[in-house]
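sequence below, structure please.
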Amino acid sequence: MKTLELRTVGRYVLEDRLSGGAVEVHVARDAKLGSLVRVKIVRASSVQEADLARRFVHDARTLASLAHPHMTPILDAGEHDGVCFVVTELPRGDALADTIRRRGSLSVREALEIARLLGSALDAAHSAGLFHRAVQPGNVRLGENGQVWLDGFPAEPDAVAAQGYEAPELARGGPASGASDRFAFAATVFEMLGGDPATRRSKIGPTSDARETLGAPLVSERHAEPPPELDAAFDRALASDPVERPGDCAAVVALLRDAAVEGGTKPPRNQATTPAVQPLPLYARERRRQVLGPVIGILCLVLAAYLIGYDLLARARAFLAADASIESNVAPRSVDGELGRGEAASTERSTREADGQ
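The predicted structure follows:
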């Protein structure tokens, strides 16, 4: 098959191969810009696969039009020599899965702030009719300055969520939906707080209780900070029946946030009105920099203009005062001099007349 020897796709020169399967993923170099990118190639050997490949490209273009700040940017999508491809930026930051492995669990505040940003990306995709199908910590990227990106879009034709993240209806052969993505989203938040989604539930069925486990502790038992109220909130977010789950990711975050506040994540003693769950200081600092940076710059320009204007005005006033002083000093002396010379001449004439007499 000629695509097996493919070395370039459009203007992208394929370099390292990252993964294979129905979708091949490569690091590639943009021959026009010289930058490194990630290229996903869908190989189609049948009419059905060709339809899936074209849908893959269509979904990529739809996502690119969203230009959501918390999705890995899509740079290009198209077809080359019978091969469909999608080009994205190389994944940024570290995988959330690696962060959880290093730290064991995140604070409630940190987990909910990551969830808020991640959920906004999922909700935007759902509003465009697109589903991820594989939301999990491995597909979430964290930047050094608090950025969050959802990776793995558009969904690959064979995308399947890992154990613990696959909604019960998907395991029963049902189609992907916003509800199934929200199940995986809630499972991701559950793991950020130290839970183990893979062993939380012992069986999959329309009446199974999300609290049934294979000996795995609940979040409130694993983590020193989360209150027991969060367990009840996760029961709803991870409900077996899709209808019982919140209607969007923002509602999932609100549900968990309210449970955290109700359960005793209390504000500081001297700040009773401060909400109990605040964004991470890291994220807050990033937002303050983004907002205050331009404002401070404008204020500096205004202050500089004021100081320059004040200095020029002071100089002008000083110049005018000096000029007025010179004029006031010179004019009287001239008049006094002329009067003095006139008086001297009159005295001299009077003296001559007296001598003559």
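
residue ranges of each domain in the protein, please.
Per the record, the chain has its domains at 2-88, 94-290, by automatic domain parsing.

any chance of those in CSV, plus mean pLDDT, distance to Ala318 and mean neighbour count?
Bear in mind the C-beta positions are built from the backbone N, C-alpha and C, glycine included. Formatted as CSV, the domains of the chain follow (pLDDT from 0 to 100; distance: least, Cβ to Cβ, whole Å; neighbours: other Cβ atoms under 10 Å):
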stretch, mean pLDDT, distance to Ala318, mean neighbour count
domain 2-88, 88, 54, 16
domain 94-290, 79, 42, 18
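
redo those as a markdown table? Include distance to Arg315.
Formatted as a markdown table, the domains of the chain follow (distance: least, Cβ to Cβ, whole Å):
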| stretch | distance to Arg315 |
| --- | --- |
| domain 2-88 | 49 |
| domain 94-290 | 38 |
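
and the helices in the protein, which stretches?
Secondary structure of the chain by DSSP state H: the helices cover 47-66, 96-103, 108-127, 168-171, 178-192, 197-200, 219-222, 229-237, 249-262, 281-356.

tell me which of these lies nearest to Val39.
helix 47-66 (11.5 Å; Cβ to Cβ).

angle of the closest one against helix 108-127?
If you take axes from the mean of the first three to the mean of the last three Cα atoms, to 10 degrees, helix 47-66 sits at 120 degrees to helix 108-127.

so which residues make contact with helix 47-66?
The contact list for helix 47-66, computed with Cβ atoms under 8 Å, 6 or more residues apart in numbering, reads 22-23, 40, 42-44, 71, 73-75, 77-79, 84-86, 124-125, 128-130, 153-157.

try it again with 10 Å
Applying Cβ atoms under 10 Å, 6 or more residues apart in numbering, the contact partners of helix 47-66 are 22-23, 40-44, 46, 71-79, 82-88, 121, 124-125, 127-131, 153-158.

just those residues: which are in strands?
Secondary structure from DSSP state E places 23, 40-42, 74-79, 83-88 of the contacts of helix 47-66 in strands.

Arg29: which of those is nearest?
Nearest member of the ones in strands among the contacts of helix 47-66 to Arg29, counting by Cβ to Cβ, is Val87, at 11.2 Å.

beta partners of Asp30?
Beta-bridge partners recorded for Asp30 (DSSP bridges): Tyr12.

that one and Val86, how far apart?
For Asp30, the distance to Val86 (Cβ to Cβ, to the nearest Å) stands at 14 Å.

any shared contact partners between the two?
Val39, Leu75, Asp76.

quick check: the first one touching Val86?
Put plainly, it is Val39. Yes - between Val39 and Val86 a contact is recorded at 7.4 Å, counting by Cβ atoms under 10 Å.

so what sits against both of those two?
Common neighbours of Val39 and Val86 (Cβ under 10 Å, 6+ apart) are Val9, Val25, Leu75, Asp76.

ok, so of those, who is nearest Ala97?
Once Cβ to Cβ is applied, the member of those that ends up nearest Ala97 is Val25, at 17.3 Å.

so how far is Ile74 from the closest one?
Taking Cβ to Cβ, one finds Val25 at 14 Å from Ile74.

same deal with Pro168?
From Pro168 to Ile74 the distance is 31 Å (Cβ to Cβ).
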